[in-house]
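this is the structure alone, sequence omitted:
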């Protein structure tokens with residue numbers, strides 16, 4: 001269990017794993033470990049026009065993509081390319097390297113499509129890698145609709161943004177990495193736990209893979 005999950009997510013995870021601990025016992029241990037940190041105050045924001053995302057009803061109906069950046073202990077910068085299935089919030093791939101140009105993005109999507117199948121659409125922002133001609137040509141060849149969000153509207157890519165926050169909180173900000181291989185190894189281990197064991201609140205407090213299997217038991221990847 002990750003200590004950054006918060007009590008209720010840890011409790012849901014314990015229930016999903018059928019652990020014998022009750023809520024009171026778990027809360028007592030949680031407090032003794034001093035994990036009950038104070039909540040951050042909410043910022044008061046001006047009212048905005050809501051643009052809710054259309055919820056996908058099946059796997060591969062829509063993917064969300066985004067980039068993240070961080071640095072090794074030496075100060076060397078690296079980037080991650082994250083791909084999420086909007087149906088069950090399952091992270092399909094995290095590509096990690098010091099440079100991820102458009103050609104590398106296309107290659108990652110091509111390899112992913114060979115395993116998972118081709119999505120109907122991909123939601124992404126207006127970064128140079130995402131508006132490149134190489135990606136546009138790949139999408140046309142595969143029959144994939146590229147849905148670019150409006151500039152300055154990251155909430156229109158909310159699935160990827162929410163995943164990015166979790167990945168940064170539970171991995172990138174929790175460890176000091178000395179090499180790219182260490183980042184990849186730690187990410188791969190965490191990604192398996194995220195997809196198979198970490199309960200997701202919007203999915204009824206079950207992990208993404210369990211939700212997909214529950215909804216589509218005859219679908220295998």
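Happy to help now that I have it. In this text the structure is predicted, and so the values were computed from the model without any measurement. Numbers count the residues shown, from 1 in each chain.

how close does residue 93 get to residue 214?
23 Å (C-beta to C-beta, to the nearest Å). All C-beta spots, glycine's among them, are computed from the backbone N, C-alpha and C.

now residue 175
From residue 175 to residue 214 the distance is 32 Å (C-beta to C-beta).

higher neighbour count, residue 93 and residue 214?
Taking neighbours as other C-beta atoms under 10 Å, residue 93 and residue 214 compare with residue 93 leading, 18 against 12.

assign the residue lying closest to that one once chain neighbours are set aside to helix, strand or coil.
Leaving aside its chain neighbours, residue 93 sits nearest to residue 83 (4.6 Å; criterion: C-beta to C-beta, 6 or more residues apart in numbering). Classification of residue 83 by DSSP: H, G, I helix; E, B strand; the rest coil places it in strand.

residues in contact with residue 83?
63-65, 91-94, 108-109, 112 (C-beta atoms under 8 Å, 6 or more residues apart in numbering).

narrow the residues you listed to those in strands?
The strands, defined by DSSP state E, take in 63-65, 91-94 from those.

show me the beta-bridge partners of the residue nearest to residue 98 when sequence neighbours are not counted.
Take residue 98 and drop its neighbours on the chain: the residue closest to it by C-beta to C-beta, 6+ apart is residue 78, 5.1 Å away. When assigned by DSSP bridges, residue 78 has beta-bridge partners residue 70.

before we move on, what about residue 146?
residue 122.

excluding chain neighbours, what is closest to residue 116?
Per C-beta to C-beta, 6+ apart, closest to residue 116 is residue 221, 5.5 Å.

pretty sure that neighbour contacts residue 115?
Yes: if you go by C-beta atoms under 8 Å, residue 221 and residue 115 touch, sitting 6.5 Å apart.

need the contact list for residue 29.
Counting by C-beta under 8 Å, 6+ apart, the residues that residue 29 touches are residue 21.
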